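Asker: model this:
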Amino acid sequence: MTATSSNSKPSTSKVATKKTATKKEVPGISEDVISELSKEINSMLSFAVYNGIIVNTEVNTLIQNSNVDDLINAHNLLCKNIAPATPKSIGFTKQLNQDSNGKSIFKKLPLLRNLILLALFFLVAYIATGMTTEVNNDSLDKGMMNNSGVPLLLNVVYLGSVAGLGVLFYLLKDVSTSLKNGSLIPENAISYLSQIILGIIAGLIMSEIIAFYTSDPQKINLFNKSVLALIGGFSSDAIFSILQGIINRIKNIFLTPNPSN
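Answerer: The predicted structure follows:
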């Protein structure tokens, strides 16, 4: 009888395993996220105080309560106060300053160094191709359609270098502004590379295609094509937006349903 009664009782380990399996996780914000939220709030406050940015005084009350809702509201208020800087850009700037160890700005920020080197490269290409006899008013007037061989290559390199100088002029100014505002992030290096390529393409489009369709061919000269290439490189975003707008209008013409149907 004793053996029978002992076998009828479930073991303690089995009961504990069953309770653990049936236990549900409580949904909510993890402690890691709350800790990261508090860290970013302190980082933004430090940035605002250091740069003399006016901070909403409601943040103090919200932080003292240490409630998740209050922390989120404090985070939102601080993001508005320090804009265009962000917690990510503040962390990146702080890391650059910590890792400097007496380094020059070019070693501390490779992005700026690479942009300056590219600007010098385009400047040398512009001067070198501009000094050749193949690059002149007559050869530029012919455009890509009527040129061939070495003259075509030199003219394309000339216009591409002018467009490259235009886009580098814009990007160097943008980097300077981002450093001043504390809004520089690591992803800028990738976006700037694509923007350089788009700027060169936009400069060639502006100088060759648009100039090609002017009413008076005699007005297409070295100055006009150079200016168009420079404008195309500097305003590659605007050129892309214009072309995208034209494409969207064409799509709307063909995709708009016919009311008669």
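Asker: Tell me where the stretch 51-200 of the chain is predicted with low confidence.
Answerer: The stretch 51-200 of the chain contains residues with pLDDT under 70 at 65-66, 99-106.
Asker: change it to 80
Answerer: 64-66, 96-108, 137-147 (pLDDT under 80).
Asker: Report the buried residues of the lengthiest helix in the chain.
Answerer: Secondary structure assigned by DSSP state H gives helix 149-181 as the longest helix of the chain. Neighbour counts using 16 or more other C-beta atoms under 10 Å place 151-152, 154-172, 174-175, 178 of helix 149-181 among the buried residues. All C-beta atoms are positioned from the backbone trio N, CA, C, and that covers glycine.
Asker: any idea which helix or strand comes after it?
Answerer: Downstream of helix 149-181, the first helix or strand assigned by DSSP states H and E is helix 188-204.
Asker: tilt between that following helix and helix 149-181?
Answerer: Interaxial angle, helix 188-204 versus helix 149-181 (axes from the mean of the first three to the mean of the last three C-alpha atoms, to 10 degrees): 140 degrees.
Asker: Extract the C-alpha set from helix 188-204 and format it as PDB.
Answerer: Extracted in PDB, the C-alpha atoms of helix 188-204 (Å, rounded to 0.1, in the frame of the first residue of the first chain):
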ATOM      1  CA  ASN A 188      26.600  59.800 -44.800                       C
ATOM      2  CA  ALA A 189      29.600  58.200 -46.400                       C
ATOM      3  CA  ILE A 190      27.500  55.800 -48.400                       C
ATOM      4  CA  SER A 191      24.900  58.400 -49.400                       C
ATOM      5  CA  TYR A 192      27.600  60.900 -50.400                       C
ATOM      6  CA  LEU A 193      29.200  58.300 -52.700                       C
ATOM      7  CA  SER A 194      25.900  57.700 -54.500                       C
ATOM      8  CA  GLN A 195      25.300  61.400 -54.700                       C
ATOM      9  CA  ILE A 196      28.700  62.000 -56.400                       C
ATOM     10  CA  ILE A 197      27.800  59.500 -59.100                       C
ATOM     11  CA  LEU A 198      24.400  61.000 -59.500                       C
ATOM     12  CA  GLY A 199      25.900  64.400 -59.700                       C
ATOM     13  CA  ILE A 200      28.300  63.500 -62.500                       C
ATOM     14  CA  ILE A 201      25.400  61.800 -64.400                       C
ATOM     15  CA  ALA A 202      23.200  64.900 -63.900                       C
ATOM     16  CA  GLY A 203      25.900  67.200 -65.100                       C
ATOM     17  CA  LEU A 204      26.400  65.200 -68.300                       C
END
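Asker: Of all the residues in it, which ones are buried?
Answerer: So for helix 188-204, counting by 16+ other C-beta under 10 Å, buried means 188, 192, 195-196, 198-204.
Asker: Next, format these as CSV and append distance to residue 76.
Answerer: Converted to CSV, those look like this (distance: C-beta to C-beta, whole Å):
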residue, distance to residue 76
188, 24
192, 29
195, 30
196, 35
198, 34
199, 36
200, 40
201, 39
202, 37
203, 41
204, 44
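Asker: Distance check, residue 112 against residue 178.
Answerer: 10 Å (C-beta to C-beta, to the nearest Å).
Asker: And stretch 67-78, what's buried?
Answerer: Within stretch 67-78, judged by 16+ other C-beta under 10 Å, the buried ones are 70-71, 73-75, 77-78.
Asker: hang on, I meant stretch 226-236
Answerer: Of the residues in stretch 226-236, those buried (16+ other C-beta under 10 Å) are 226, 228-236.
Asker: The protein - how does it break down into domains?
Answerer: Here the domain parsing of the chain from automatic domain parsing is 31-83, 105-255.
Asker: and of those, who's closest to residue 91?
Answerer: Closest to residue 91 of the domains of the chain, according to C-beta to C-beta: domain 31-83, at 6.6 Å.
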